[in-house]
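J.: What shape does this take:
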Amino acid sequence: MVHRKRRKFSRMRGLSTHGWGAKKKHRGSGNRGGVGMAGTGKKAHGKKPMIWDNPLYFGKHGFKKKGEVTIDTCINLDQLELMLPKLVSGGKARMEGKTFIVDLPSLGYTKLLGSGKVQHSLNITVPRASEKARAKVQEQGGAVKAE
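T.: So this is what the prediction gives:
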């Protein structure tokens, strides 16, 4: 294979501008109006079509979530009292003596609230419960087990 020698002139030794014309023409980012997206301008003509195509170009948009938000699925004591017969017949709750045993997480609930009256003795397993709910259940001889 023939070795093709590069001409010495292509190295541009001794030429202070290296093919860029005047010395001013090939300086830093100021030569091209700034780095990156500089010089687009809100009112002038710089890079207009690009700005037209992107309506979100100017301004700030949206927000970042700060941490995960957990939402409890709550049930009140009066609602639970109404559901007891159906839960027992459906096998989702059981009865030992005169006490109903209910596992609320298996029903999709994560918190027990204390609205309403309690007429039965209840043993309830639930991740979270309000103080009012605990007190009302304990008055009837039941218990609330928080996981």
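J.: And the residue most central in space within the chain, how far from Leu56?
T.: In the chain, the residue lying closest to the centroid (C-alpha atoms, centre = their mean) is Lys65, at 5.4 Å. The span separating Lys65 from Leu56 equals 19 Å under the rule C-beta to C-beta, to the nearest Å. C-beta: built from backbone N, CA, C; applies to glycine.
J.: One more: Gly14?
T.: As defined by C-beta to C-beta, Gly14 lies at a distance of 51 Å from Leu56.
J.: Longest helix in this structure, please.
T.: Of all the elements of type helix in the chain, the one with the most residues (DSSP state H) is helix 77-89.
J.: other SSEs contacting that helix?
T.: The helices and strands touching helix 77-89, judged by 3 or more C-beta pairs under 8 Å, 6 or more residues apart in numbering; DSSP states H and E, are strand 93-96, strand 99-103, strand 111-113, helix 131-139.
J.: which parts of it are buried?
T.: For helix 77-89, the neighbour count (16 or more other C-beta atoms under 10 Å) marks Leu77, Leu80, Glu81, Met83, Leu84, Leu87 as buried.
J.: so who does Asn76 touch?
T.: Applying C-beta atoms under 8 Å, 6 or more residues apart in numbering to Asn76 gives the contacts Leu113, Gly114, Ser115, Gly116.
J.: Can you classify the third one by secondary structure?
T.: Classification of Ser115 by DSSP: H, G, I helix; E, B strand; the rest coil places it in coil.
J.: Pull the number of nearby residues for it.
T.: Neighbour count for Ser115, taken as other C-beta atoms under 10 Å: 14.
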